[in-house]
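Chemist: sequence and predicted structure are below.
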Amino acid sequence: MSIEDKFLVQDTKQTTFHRHNGVDSPQIRPKDLAASFTGYTTYNPASLSAGAGATTTVTVKGVTLGDIALASFSLDLQGITLTAYVSAADTVSVRFQNQTSGTIDLGNGTLKVISIRI
């Protein structure tokens, strides 16, 4: 089955088919994923002034370039944007970016990562 076939979903309001590239579709099931991987670590981001960012890494055994990565942090992000990406084999990089107009100091929390291969 090609990746395109995995994302072909039926529009139940019409009798047409359309391509869907998101994972929010009820037609995409965990069994459709080739693999999933998780990792976590404690992390205390530096105090970030307006426009500043900090990047850290989380070891996630099994991930490879091209896998999809998502991250969460156990504390309120207070407007900080969190971005995750696979940066090397077994490594997910996570960027904390302060796009607010003030300085934010989050404190120590748990950084969790999930990566999927489709």
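Modeler: It's in.
Chemist: got any ranges where this protein has weak pLDDT?
Modeler: Applying pLDDT under 70 to the chain flags residues 1-32.
Chemist: mind doing that once more with 80?
Modeler: Applying pLDDT under 80 to the chain flags residues 1-34.
Chemist: ok, which stretches of the chain are strands?
Modeler: 8-10, 17-19, 35-43, 53-59, 68-73, 80-88, 91-98, 109-117 (DSSP state E).
Chemist: right, so these: which one is the most enclosed?
Modeler: For those, average neighbour numbers computed from mean count of other CB atoms under 10 Å are highest in strand 91-98, which has a mean of 20. Glycine gets a C-beta too; all of them are placed from N, C-alpha and C.
Chemist: helices and strands around it, which ones?
Modeler: In terms of contacts (3 or more CB pairs under 8 Å, 6 or more residues apart in numbering; DSSP states H and E), strand 91-98 is packed against strand 53-59, strand 68-73, strand 80-88, strand 109-117.
Chemist: using CSV, list the CA coordinates for the second one.
Modeler: Extracted as CSV, the C-alpha positions of strand 68-73 are listed here (Å, rounded to 0.1, in the frame of the first residue of the first chain):
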residue,chain,number,x,y,z
ILE,A,68,7.3,12.8,12.2
ALA,A,69,7.9,14.2,15.7
LEU,A,70,5.7,15.9,18.3
ALA,A,71,6.6,17.3,21.7
SER,A,72,4.8,18.4,24.8
PHE,A,73,6.0,20.1,28.0
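Chemist: check which helices and strands it sits against.
Modeler: Looks like strand 68-73 contacts strand 80-88, strand 91-98, strand 109-117 (3+ CB pairs under 8 Å, 6+ apart).
Chemist: pull up the pairing partners for the shortest one, direction included.
Modeler: In other words, strand 91-98. strand 53-59 (antiparallel), strand 80-88 (antiparallel) (DSSP bridges).
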